[in-house]
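J.: Dropping a prediction and its sequence here:
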Amino acid sequence: MPEALLEVRALDAFYGDFQALFGVSLTITAGEVVAVVGANGAGKSTLLNAIAGLMAARPDAVLFDGQPIGGKPAYAIVTRGIALVPEGRRLFPSLSVEENLAVGGQLGRAGPWSLARVYDLFPALSERRHIASTALSGGQQQMAAIGRALMANPKLLLCDEISLGLAPIVVRDIYSRMPAIVAEGTSMIIVEQDIMQALGAAQHVYCLQEGRVALQGTTATVTREAISAAYFGV
Amino acid sequence: MDWLNTIVQGVLIGGLYAMFAAGLSLIFGVMRLVNIAHGDLIVLAAYLALVTIETLGVGPIASLTIVVPLMALIGYALQRVLLNHTLGDDLLPPLLVTFGLSVIIQNGLLEVFTADSRRLSAGAIEVATWPIANGLAVGVLPLIQFTAAVVVIGLLQMLFYRTALGRAFRATSDDPRVAQLMGLNNHHVFALAMALSLAVIAIAGVLLAIRTNFDPAIGPARLIFGFEAVIIGGLGNLWGTLAGGIILGVAQAIGAKLDPGWQLLAGHIAFLAVLAFRPEGLFPRIR
Amino acid sequence: MSVPAFRVAYGGASHRASAALLAIAILALAAAPLWADRQTLRLLSEIFAYMALASLWNLLAGYAGLVSVGQHAYVGLGAYMLFALTIFAGLHPLLAIPLSALAGALVAIPVAALVFRLRGHYFAIGTWVIAEVFRLVAAQLAALGGGSGTSLPAAIVTSIAETRQAREFAIYWTALILAVGIVGLIVLLLRSRYGLALTAIRDNELAARSNGVSVIRVKFIVYVVTAFGTAAVGALIFLQKLRISPDAAFSVNDWTAFVIFITVIGGIGRVEGPIIGTLVFFLLRQTLADLGSLYLMMLGAVAIVVMLKAPKGLWGLVVARFGWQVFPLQRHVTLGDEPSGAESIDPPHLPPIGSRH
């Protein structure tokens, strides 16, 4: 059994008094793509935020490369090799496309991803590199957000609802580049409400329902009915 | 020609005002904080220079090599230890804490140095003039101060728009949460911004102290001049702030020429006029 | 489906107790000329003045979210108006106080039009600039002594009352009436519809606006009303001092720094806060005043610590611990037409979420 790159162990997460995650556990090995699906409010973004260091967590609730990182601040977690593509893109409005990418890479971590490589992956960005990031279309913004995260040369890329608000054809286009990302050795956790694309890209799937893992399995063997049941909690 | 002299003097002191303003708007741009103690920190820099000069026997310009890094260090510590804890949605804490700071600095300086008026002497440069045309002579010192202001603002612009640090400032200002995802530690970034602001303040303070008499109580007036320069010039634009400072300086100079008691009032009226008729400022940065 | 009938009631058992205590206190203070000596009367007048100023600043900053560091503009304005009205218009000094207040309110209208164009921190400094302008203008008024100021002519002083003792009693009672009146008016304001709007603005301005509260109108009214009160207090303070000068009348330290520190330490956003703060302030002053600027530094440091560690001030700590309220401002909604049978329990006081102008 290959060693886990990331291990989430019985993670609880709270917003003030409100508990959003109840003992969630998840494993991902190097080179893998894992999909996390669930309805609105199921806790998917919370899970990614907790892994990325934007939320408090018990130190041993999140293990990366065998090291406990739970509760460490986000800027420290990026240095270890986890990058988050946040929900809603969240590009920096005052910065141009290239500046957004450059900020992503400002840690200077070694790896295959550089400005040139990102432009290779997303040619549309190359044409617009000096334009204000707010002037891009939704799909281009999403590409820029992914590129920005890649610039940190992460071992693990967390993608929070990249299909949100995008037309199906644009979503398909973006997902078509995922294999190239994985080929460079980056593992991914993809969080989606739209199940089809996520399942197509991933080897393993977890379904969250009201803060708990309702289903987990390999995408090859899990059935539509099982996922529907877990998704909606019927 | 007399009037031309007046206007030129106003322009030159406007550079100094623009430097007061640059530190202020830098902080506001990066972390939405207005430092009420800003003016008092300018005065603090002047006193630090005084102590440096008296202990080491160097000239005012040389004292900058000590005062600037020292003030930058103070700024970093101040932000990290105190002001970072006031940031957030609520406007009251940073305002009241910096207000308290202002009172503490003023009275602290009063205790240590008394209310006596001081001045840093720079030797012959203070009264040297540079004749440009018939009857028009420009003071060398004011010219140096104005040039310094232009250089400082130019460097700040370059820093903000051409360097990685500037990118970090702008990104953290846009979205502090997501900036963390880029590996930027907000506490550290904000503290660096404050250190930079205080470095600029240090230069402005020393130049001010060579030019005029200073005492612990003159801080608030400098804050107000800087603030007026920012508003007249327009938010978000450092060159606009330079223009704002110049306009303020010229207004004050004209007022002073009409009647010495009207100098400050003329400046305030210019500010209020801009506020009344063009509240976004004369050269606001359009996003 | 019809809306069930409901009643809005203010206060409860603890309020009746504190109301009684308040009434006793006010009576005792009103009788002060009988039991207090001259110095004590002066001190009490000063306390009343600061209590009023702090309560007004609290209304402005704590409720309406308008953090002004320039209210000393209206203190000086009220003071100068009093001197001008008595010296040039021959008005009786006590009558000149409400008229000075009115002048303050009238001036506040165009000032608000200007200053409201600034937001947040910049608004604060803008108010300071206004105060500076007032001070500079006052220094230009040769008729009132220009930069060095002037004293109130003896004839006007004696017109207040024949004997010095009667004058001091008159000024003392005026100060008491002013303080009680201002705090009382603030409580009434907060109990009214405007008060509900203000508390909503204090807690969450955006939500208030989307609930139909005309935020800008409420803020404007509060600004003008505060200017009115502040000018009245300013007029009284300098009537007592008998001498005016631009630096004294428009002193940032005396009329803004102290007021702000009092309110912050006592507790912003609660009516009781400024009152507690004033008492603490004067207690400290009586014991520590000899220290001069060290005293000011200490005040500043205490204000900073309070702001960071206990942002709701001393009264905020009391409320959090015991849930007391002196003034009946909490609204309870009871369903049905009949008043609830049992003694109503005061609901826990919820902390405001607070976002400001």
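T.: Looks like it came in fine.

J.: switch to C-alpha atoms for all contacts and neighbour counts from now on
T.: Noted.

J.: Strands along chain C, start to end?
T.: Under the criterion DSSP state E, chain C contains strands at C:6-10, C:150-151, C:243-244, C:331-335.

J.: how near is the residue nearest to A:D60 when sequence neighbours are not counted to A:A61?
T.: Distances taken as Cα to Cα, 6 or more residues apart in numbering or on different chains put A:P68 closest to A:D60, at 4.9 Å, once the chain neighbours are dropped. Going from A:P68 to A:A61 by Cα to Cα, to the nearest Å gives 7 Å.

J.: The two: which has the busier surroundings?
T.: A:A61 (21 against 17; other Cα atoms under 10 Å in any protein chain shown).

J.: A:T27 and A:L6 touch, don't they?
T.: Yes - here A:T27 reaches A:L6: they are 5.8 Å apart, a contact under Cα atoms under 8 Å.

J.: higher neighbour count, these two?
T.: Neighbour tally, A:T27 and A:L6, criterion other Cα under 10 Å: the higher count belongs to A:L6, 23 against 17.

J.: Which residues are in contact with that one?
T.: For A:L6, the contact set (Cα atoms under 8 Å, 6 or more residues apart in numbering or on different chains) comprises A:T27, A:I28, A:T29, A:V62, A:L63, A:F64, A:D65, A:G66.

J.: Just want the residue of the stretch 51-200 of chain B that's nearest chain A.
T.: B:G183 (3.9 Å; Cα to the nearest Cα).

J.: Now do the same for that residue: its pLDDT.
T.: On pLDDT, B:G183 comes in at 91.

J.: and it, helix, strand or coil?
T.: coil (DSSP: H, G, I helix; E, B strand; the rest coil).

J.: How about it: what's its closest non-neighbour residue?
T.: Per Cα to Cα, 6+ apart, closest to B:G183 is A:Y75, 3.9 Å.

J.: cool, and B:L264?
T.: B:Q252 (6.0 Å).

J.: Output whatever helix or strand the one you found lives in as PDB, nothing but the C-alphas.
T.: Using DSSP states H and E, B:Q252 maps to helix B:238-258. Extracted C-alpha coordinates of helix B:238-258, given in PDB (Å, rounded to 0.1, in the frame of the first residue of the first chain):
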ATOM      1  CA  LEU B 238       0.800  59.000  -5.300                       C
ATOM      2  CA  TRP B 239       1.500  61.500  -8.100                       C
ATOM      3  CA  GLY B 240      -1.900  63.000  -7.400                       C
ATOM      4  CA  THR B 241      -0.800  63.300  -3.800                       C
ATOM      5  CA  LEU B 242       2.200  65.300  -5.000                       C
ATOM      6  CA  ALA B 243      -0.200  67.600  -6.900                       C
ATOM      7  CA  GLY B 244      -2.400  67.800  -3.900                       C
ATOM      8  CA  GLY B 245       0.600  68.800  -1.700                       C
ATOM      9  CA  ILE B 246       1.600  71.500  -4.200                       C
ATOM     10  CA  ILE B 247      -1.800  72.900  -4.400                       C
ATOM     11  CA  LEU B 248      -2.000  73.100  -0.600                       C
ATOM     12  CA  GLY B 249       1.400  74.700  -0.400                       C
ATOM     13  CA  VAL B 250       0.500  77.300  -3.000                       C
ATOM     14  CA  ALA B 251      -2.800  78.100  -1.300                       C
ATOM     15  CA  GLN B 252      -1.000  78.600   2.000                       C
ATOM     16  CA  ALA B 253       1.700  80.700   0.400                       C
ATOM     17  CA  ILE B 254      -0.900  82.900  -1.200                       C
ATOM     18  CA  GLY B 255      -2.800  83.200   2.000                       C
ATOM     19  CA  ALA B 256       0.300  84.100   3.900                       C
ATOM     20  CA  LYS B 257       1.200  86.800   1.400                       C
ATOM     21  CA  LEU B 258      -2.200  88.400   1.800                       C
END
